[in-house]
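Novice: Structure for this input, please:
(one chain, ligands or ions: 2)
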Amino acid sequence: MPLHSDTFDLGGLRLSAGAGRRLELDVAIDRFELGGESYAVEPGVVPVTVDVSRTTGTGYALRLRFQATLTGPCMRCLSPATPTFDVVAREVSVPGEGDELESPYVKAGILDLRGWARDALALTLPTQVLCHADCAGLCPVCGADLNHTGADHAHPREPDPRWAKLAELQFEEPDALSAGGESAERREYRG
Ligand SMILES: [Zn+2]
Ligand SMILES: [Zn+2]
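Specialist: Ligands and ions are numbered 1, 2, ... in the order given. Take a look at the predicted model:
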């Protein structure tokens with residue numbers, strides 16, 4: 001088990017103004033609760049790259065980069081999903097220069113790496129965690145996994161005739177159909 005850092009002492013780098021340093025660190029990122037489901041972050045300890053540049057005085061410009069994978073149920077079909085995300089985040093911390101130059105992750109030269117990495121990953125996450133981008137989801141009628149049943153899965157006897165009508169429309173070309181219908185209608189009016 002490698003050592004990981006929850007925080008990093010930027011002051012300890014003793015960088016002079018304009019100087020920079022690239023850090024390779026390891027950080028644990030807490031699991032996410034999304035849509036009532038739990039998603040662990042893999043690997044358990046994530047290798048991250050932090051580029052630190054000393055600005056003037058006690059200021060820092062920081063860039064964080066890492067790759068992490070979420071593991072948990074697909075939000076459409078409930079089978080295991082393991083999407084991987086490339087995360088890039090930047091922070092500027094120049095204490096005493098106004099709120100916009102204060103970073104919530106830097107306090108007295110100490111970087112809250114764990115908090116920053118988790119927030120940066122959270123901002124990168126899509127609204128839905130999916131097994132793959134075009135997951136077909138579950139059949140709303142019988143709950144079958146439409147990724148496995150194939151595109152022709154259907155229920156011929158629908159209790160509500162309006163749904164049956166909708167299902168029919170999906171097999172026609174709505175654009176071509178409506179355009180054709182419109183022009184035919186116009187011709188009728190002119191005639
Ligand atoms: Zn899925
Ligand atoms: Zn079905």
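Novice: Roughly how far does the residue sitting nearest the centre point of the chain sit from Val52?
Specialist: In the chain, the residue lying closest to the centroid (Cα atoms, centre = their mean) is Leu125, at 1.4 Å. As judged by Cβ to Cβ, to the nearest Å, Leu125 and Val52 stand 26 Å apart. Any C-beta I mention is one placed from the backbone N, CA and C, and that applies to glycine too.
Novice: sorry, back to before: leaving aside the residues next to it on the chain, what's closest to the residue nearest to the centre of the chain?
Specialist: Distances taken as Cβ to Cβ, 6 or more residues apart in numbering place Phe85 nearest to Leu125, at 6.8 Å, with adjacent residues excluded.
Novice: residues touching the one you found, list them.
Specialist: Counting by Cβ atoms under 8 Å, 6 or more residues apart in numbering, Phe85 touches 67-70, 121, 124-125.
Novice: That one: what secondary structure?
Specialist: strand (DSSP: H, G, I helix; E, B strand; the rest coil).
Novice: can you pull up the bridge partners for it?
Specialist: Per DSSP bridges, the residues bridged to Phe85 are Ala68.
Novice: Any chance of the backbone angles for Leu13?
Specialist: Main-chain torsions, Leu13, degrees, to the nearest 10: phi -70, psi -20.
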